[in-house]
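Novice: Next one to model:
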Amino acid sequence: MRLEVQCKDRLGLTRELLDILASQHIDLRDIEIDKSGLIYLNFPEIDFDEFSQLMAKIRRLDGVMDVRKIQFLPSERRNTELLAVLSTLPDPVFSINLKGKIDTINDAVVSLFKLDKTSLIGQSATVLLSDFNVQLWLEESRIRQREPMLIDGMNYIMEIMPVYITDDSNTSILTSAVVIIKPAIEAQNARPFIPESSNLGFEHFVGSSTKYKQLISQAKKLSDIDQSLLIQGETGTGKEMLARACHNASIRSGKAFMVVNCAAMPDDVAETELFGYAPGAFPNMPEGKKGIIEQADGGTVFFDEISEMSPLLQIKLLRFIQDGNFRRVGEEKEIHVDVGIIGASKKELLELVEQGLFREDLYYRLNVLFLEIPPLRDRISDVATLFDFFVAQLSKELGIVKPSIDEEVYDYLASYTWPGNVRQLRSTTLKALTQMDRNQLSTSHFMLPIVDKNAPRSLNINTDGSLDEIMKSYESSILSSLYNEFPSSRKLAKRLGVSHTAIANKLRDYGIGKK
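Specialist: Prediction:
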């Protein structure tokens with residue numbers, strides 16, 4: 001039961017109110033005093049007769065103007081509102097008391113760490129922040145601090161902030177700390193899977209498979225070499241993202257990174273877009289214009305889908321790569337610029353050379369350095385990692401709490417061949433999040449297009465290493481490919497005519513079909 005007492009500012013009035021409660025043997029739970037002249041009382045429910053006597057006694061007190069029953073205290077309302085806001089925040093947030101124990105957490109914390117909410121309250125904060133000395137921070141540092149942290153193979157930033165109150169002598173007293181956890185990568189108005197941030201680096205790449213780690217390691221090494229680079233990879237594997245990272249890790253970092261989409265540039269405008277034109281070169285255009293090549297002086301030009309470049313433009317690009325000189329359209333004077341070249345193609349350029357569809361000399365000018373991005377189906381163990389990352393990233397973009405995920409979802413996603421690769425996985429995740437009616441993702445929320453199972457299956461065999469390593473790689477490719485049609489260890493064992501235990505062990509060893 002809660003009462004609001006409106007009164008005059010009179011010395012001793014609060015004590016008299018407490019004496020009345022004590023005289024009727026009423027246990028006071030809480031009392032609040034507002035500067036505007038209101039006193040709030042909170043005590044257990046009492047019967048009608050006792051309540052009537054209490055109200056009469058309070059009204060007779062000198063200085064009391066009015067008293068009425070209310071449903072909640074101001075502090076209860078404020079706390080309820082704050083908890084409601086806290087629970088809907090997409091970022092994980094929790095508070096820590098001066099003993100280093102967890103006081104309050106929101107739903108996003110439960111979702112991120114996959115722990116029970118009730119079991120976390122009162123536990124040491126080291127349960128969530130295992131690599132951060134919370135007690136030392138509370139005793140010595142007490143300043144706002146940001147630290148990187150790794151959760152389920154994904155990079156996050158932990159920000160811890162002190163909470164102070166000011167006493168009557170205007171002294172700040174530390175009362176607790178609030179921790180906010182955010183993904184290390186914040187997607188802001190980015191195209192699917194290809195952030196536009198100019199400072200994109202290798203630390204933004206998500207993947208734990210051996211093939212992907214080898215790719216990133218090799219890309220870092222090649223970034224130190226100022227030579228033309230060719231990136232090969234299927235659609236949606238992130239060729240532009242890798243090109244940006246290579247540029248930002250090179251000596252050209254800080255300069256322009258210009259993108260040329262060769263498939264979307266018709267011949268009649270391609271030359272002027274690339275090399276610009278001189279003043280008066282065209283009617284009604286008295287002023288000249290710098291082309292992409294000239295604008296990128298000191299930086300890098302990325303030729304996306306360079307396999308689609310016309311034969312005429314191939315010749316002009318070859319001449320430019322040879323010595324860095326070019327002419328604007330309608331101008332005789334040569335201009336020299338220092339530009340790095342990165343080309344990318346989803347088609348095998350060497351095959352196009354053999355077919356006479358791509359210039360051989362240009363191919364070898366481009367293919368000084370080479371990187372090949374493996375398709376997602378060849379690194380199945382990365383599917384779960386990428387999916388978890390996209391769920392966290394997109395939940396934040398959509399302004400929703402990160403949902404819980406049924407375990408069957410990981411098997412379902414790992415069994416798919418992903419013809420659209422990482423870009424398709426991201427768009428699929430986005431669609432699934434918009435299909436949710438409750439805060440839980442299940443396989444029913446995914447709408448993956450059916451892949452033709454009768455189409456010939458291509459197995460990429462890695463011939464590097466010893467015979468044993470080659471055979472294991474081949475076996476892994478076979479099992480990974482067949483798992484798409486027989487997405488369980490029992491079905492696959494029956495298909496291959498071997499024991500369920502043998503197949504289950506191999507799937508586990510190769511990381512196929514499981515989170």
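Novice: Would you check how far apart residue 14 and residue 322 are?
Specialist: Going from residue 14 to residue 322 by C-beta to C-beta, to the nearest Å gives 91 Å. Placement of C-beta: from N, CA and C, glycine included.
Novice: do the same with residue 158
Specialist: 51 Å.
Novice: ok, the two, which is more surrounded?
Specialist: Using other C-beta atoms under 10 Å, the more surrounded residue of residue 158 and residue 322 is residue 158, with 19 against 10.
Novice: for that one, what are its contacts?
Specialist: For residue 158, the contact set (C-beta atoms under 8 Å, 6 or more residues apart in numbering) comprises 129, 132, 146, 147, 148, 149, 179, 180, 181.
Novice: Please name the bridge partners of the last one.
Specialist: Judged by DSSP bridges, the bridge partners of residue 181 are residue 158.
Novice: Surely it touches residue 156?
Specialist: Yes: contact criterion C-beta atoms under 8 Å: residue 181 and residue 156 qualify, at 5.3 Å.
Novice: hmm, back to that, let's have the contacts of residue 158 in JSON lines, adding pLDDT.
Specialist: Below are those laid out as JSON lines (pLDDT from 0 to 100):
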{"residue": "129", "pLDDT": "90"}
{"residue": "132", "pLDDT": "86"}
{"residue": "146", "pLDDT": "81"}
{"residue": "147", "pLDDT": "83"}
{"residue": "148", "pLDDT": "83"}
{"residue": "149", "pLDDT": "84"}
{"residue": "179", "pLDDT": "92"}
{"residue": "180", "pLDDT": "92"}
{"residue": "181", "pLDDT": "90"}
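Novice: Select only the buried ones of these in PyMOL?
Specialist: Applying 16 or more other C-beta atoms under 10 Å to the contacts of residue 158, the buried members can be selected in PyMOL as follows:
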select buried, resi 129+132+149+179+180+181
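Novice: Let me know the closest of the contacts of residue 158 to residue 230.
Specialist: Of all the contacts of residue 158, residue 230 sits closest to residue 148, with 33.2 Å by C-beta to C-beta.
Novice: Compute the distance between that closest one and residue 126, please.
Specialist: Going from residue 148 to residue 126 by C-beta to C-beta gives 17 Å.
Novice: next one: residue 6
Specialist: Separation of residue 6 from residue 126 (C-beta to C-beta): 48 Å.
Novice: overlap in contacts of residue 181 and residue 156?
Specialist: The contact sets of residue 181 and residue 156 overlap at residue 149 (C-beta under 8 Å, 6+ apart).
Novice: Point out where the stretch 201-350 of the chain drops to low pLDDT.
Specialist: By pLDDT under 70, the weakly predicted segments of the stretch 201-350 of the chain are 268, 284-285.
Novice: In it, what residue spans correspond to strands?
Specialist: Per DSSP state E, counting those that start in this stretch, the stretch 201-350 of the chain carries strands over the ranges 229-232, 257-261, 300-304, 325-327, 334-336, 340-345.
Novice: mind checking how far the residue of the chain positioned farthest from its centre is from residue 54?
Specialist: Relative to the mean C-alpha coordinate of the chain, counting by C-alpha atoms, centre = their mean, the farthest residue is residue 60 (63.3 Å). From residue 60 across to residue 54, the span is 11 Å (C-beta to C-beta).
Novice: Same question for residue 400.
Specialist: Applying C-beta to C-beta, the value for residue 400 to residue 54 is 47 Å.
Novice: Have a look at those two and say which one is more surrounded.
Specialist: More crowded of residue 400 and residue 54, by other C-beta under 10 Å: residue 54, with 21 against 16.
Novice: Look up the closest residue to the more buried one, ignoring the ones flanking it.
Specialist: In space, and not counting its chain neighbours, residue 54 is closest to residue 24: 6.0 Å by C-beta to C-beta, 6 or more residues apart in numbering.
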